[in-house]
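Q: The sequence and its predicted three-dimensional model are supplied below.
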Amino acid sequence: MSAYSGLLCYSQADVPRNQWFISALQRYAEPEGLSLRLCLAQEGIPAGFRPDFVLNRSRNAQIAEYCEETLGIPVFNSGDVTRITNDKYRTHCFLRSAGLPTAETWCVSADEPLPVLPMPLVAKPADGHGGAGVTWLADEQALAAYAASAKRPFLLQEPMVTGWDMRLYVLNGECLAAVLRTSQTDFRSNFSLGGHAESVTPDAEALQLLRRVQEILPLDFAGVDLLRRPGGGYVIGEIEDAVGCRMLYELTDIDAAKEHIRTAAGILAGRITRGNST
């Protein structure tokens with residue numbers, strides 16, 4: 001019998017393409033004394049079931065906050081992480097307010113006139129992920145065309161070094177792995193868009209930025225994407241709440257599902273302090 005009964009929350013649209021990872025999480029749960037019941041975030045907590053914890057991979061902050069505030073149970077990642085990181089402009093403002101480096105970013109809301117900004121710019125949806133909808137705007141004509149068809153709000157951002165980013169995979173506040181993504185054919189470096197990826201060892205500057213993020217926004221299992229300034233140094237590009245793990249499995253020997261479950265079980269049992277895996 002499992003010591004802790006949990007929910008594994010996904011959005012309905014994400015379940016088909018994540019079926020292998022869902023099965024892996026559930027398979028590893030039992031030996032750790034956990035059970036994991038799949039829950040569609042749109043349907044909410046199953047009637048008559050009170051979970052002991054939640055693994056939230058749905059990007060839905062409401063279900064996380066309900067479980068934390070009303071049920072009083074732990075959610076991995078927390079409601080704060082999900083609420084902040086799935087709104088790119090909120091993430092930018094949150095990090096900037098804490099003195100962390102980010103690219104200059106402007107939010108263009110509904111019916112708001114386009115700002116006059118130095119070109120080129122990068123445009124992106126406020127709630128996007130995986131590089132979807134990210135567009136290079138070379139001049140004012142490209143900006144006007146993008147604004148005419150884009151869903152608002154959208155973001156405009158100063159460009160960093162193109163075709164380059166480094167993802168830090170974070171497990172309970174520590175760097176589990178780092179992957180450098182580059183592209184010679186696209187200003188975006190996303191692996192899912194055909195970029196090249198390789199496992200790397202992060203430098204001291206990257207790890208220091210991760211520690212500073214963890215101090216203000218404790219991450220259970222997430223990705224922190226770093227970009228390079230043209231003049232040197234890093235900025236934080238994004239924080240991925242329900243971080244994808246394909247690159248980890250293809251490039252390393254790390255079993256992300258197993259490590260995520262092992263750490264969550266240790267936290268629930270009091271063997272591991274949340275926010276510090278040591």
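A: In hand now; what should we look at?
Q: Give me the mean pLDDT for stretch 16-34.
A: For stretch 16-34, mean pLDDT rounds to 97.
Q: what does it contact?
A: Under the contact criterion Cβ atoms under 8 Å, 6 or more residues apart in numbering, stretch 16-34 has outside partners 2-6, 8, 10, 15, 35-36, 38, 55, 57, 245, 255-258, 260-262, 264-265, 268-269. Using the backbone N, CA and C atoms, a C-beta is placed for each residue, glycine as well.
Q: quick one, what contacts residue 177?
A: So residue 177 contacts 168-169, 199, 248, 252, 254 (Cβ under 8 Å, 6+ apart).
Q: Pretty sure it sits in a helix.
A: No: using DSSP: H, G, I helix; E, B strand; the rest coil, the assignment for residue 177 is strand, not a helix.
Q: Check it and give its pLDDT.
A: Residue 177 is assigned a pLDDT of 98 by the prediction.
Q: Which residue comes closest to it once chain neighbours are left out?
A: residue 169 (4.7 Å; Cβ to Cβ, 6 or more residues apart in numbering).
Q: and the helix or strand containing the one you found, how far from the chain's centre?
A: Assigned by DSSP states H and E, residue 169 falls within strand 164-171. Strand 164-171 sits 10 Å away from the centroid of its parent chain (Cα atoms, centre = their mean, to the nearest Å).
Q: dump the residue contacts of the residue nearest to the spatial centre of the chain.
A: Centroid check for the chain by Cα atoms, centre = their mean gives residue 240 as the closest residue, at 0.9 Å. Residues in contact with residue 240 (Cβ under 8 Å, 6+ apart) are 85, 129, 167, 222-225.
Q: Quick one: neighbours of residue 201, just the number.
A: For residue 201, the count of nearby residues is 10 (other Cβ atoms under 10 Å).
Q: do you know how far it is from residue 233?
A: Here residue 201 is placed at a distance of 18 Å from residue 233 (Cβ to Cβ, to the nearest Å).
Q: Can you tell me which of the contacts of residue 240 end up in strands?
A: Assigned to strands by DSSP state E, the following of the contacts of residue 240 qualify: 167, 222-225.
Q: pLDDT weak spots in the stretch 51-200 of the chain?
A: Counting by pLDDT under 70, the stretch 51-200 of the chain has low-confidence residues at 129-130, 185-194.
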